[in-house]
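Chemist: with the input below, show me the fold.
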Amino acid sequence: MVATSTSIDDRHIDDLQGKVTQKIVLQNVSWQTYQALLADMGDHRASRLTYDQGTLEIKMPSNLHEIINRLLARMVTTLTEELGLDLKDYGSTTLDREDLEKGVEPDSCFYIQNADRVQGLNSDTATDPPPDLAIEVDITSSSTRRMEVYKRLGIPEVWRYTKKGLTISQLQNGEYVEREFSPTFAMVSPAVIAQFLQLRETTDDNAVIRALRTWLREEIS
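Modeler: Coordinates of the predicted model:
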């Protein structure tokens, strides 16, 4: 399969998304208010919150945002299965640190290298190591603030999808550096991911994952 583009064709965005991602930014919000909002809003919601030293961002993802997020997350799961790696999928769980006054809910996040260091079904993300990989979908609203929080929380790898395509960033010396290949999956590049996202234009999610498995097994052999 040959990669012909690094992003989903813009001609299809309006057809897929239905609405754009909405974002609200509030200033001068205390840590206590942020925590109270998390408790009041509960887990069964589509919105994602980011808190950065008094600034609260509330993001409400679009249809297209969730399509891409869920497909990328399935790709990560498939890669770990085929490569025999451990995995604990934490989805969009809240990651926060009161000492830093920072918190974020990734579109998706995973423990892979450190999967054995988080135990049980209800581990403490405040004391556990940060997830090894996070996914951030950024089509119609900037994720600059969220990337800054990821950096301060020490998340080693971030896959960030924008209208220009996918970038893979690795945390090095306190800053994110774009990489040609994933630090976790040595054969996976943004161009490789792009070809399978493009396939989603003409088929369904399961067909994309089957194609990914076939490609990966050929690469391994």
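Chemist: buried residues of stretch 182-201, list them for me.
Modeler: Of the residues in stretch 182-201, those buried by neighbour count under the rule 16 or more other Cβ atoms under 10 Å are 182-185, 188-200. In this view, the C-beta of every residue, glycine as well, is placed from N, C-alpha and C.
Chemist: one more: stretch 103-114?
Modeler: For stretch 103-114, using 16+ other Cβ under 10 Å, the buried residues are 103-114.
Chemist: what's the helix or strand for Thr78?
Modeler: Per DSSP states H and E, Thr78 falls inside helix 63-83.
Chemist: and that helix, what does it pack onto?
Modeler: helix 13-17, strand 108-111, strand 133-137, strand 157-162, helix 190-199, helix 205-220 (3 or more Cβ pairs under 8 Å, 6 or more residues apart in numbering; DSSP states H and E).
Chemist: right, so of these, which gets closest to Asn63?
Modeler: Of all these, it is helix 13-17 that lies closest to Asn63, at 5.0 Å by Cβ to Cβ.
Chemist: tell me the pLDDT of the closest residue to Leu87 other than its chain neighbours.
Modeler: Leaving aside its sequence neighbours, Leu87 sits nearest to Thr80 (Cβ to Cβ, 6 or more residues apart in numbering; 4.2 Å). Thr80 carries a pLDDT value of 98.
Chemist: what about Thr80, how many neighbours?
Modeler: Per other Cβ atoms under 10 Å, the neighbour tally for Thr80 reads 20.
Chemist: now do the contacts for it.
Modeler: By Cβ atoms under 8 Å, 6 or more residues apart in numbering, Thr80 lies in contact with 86-87, 110, 112.
Chemist: pick out the most distant pair among those residues.
Modeler: Asp86 and Phe110, at 10.0 Å, using Cβ to Cβ across the contacts of Thr80.
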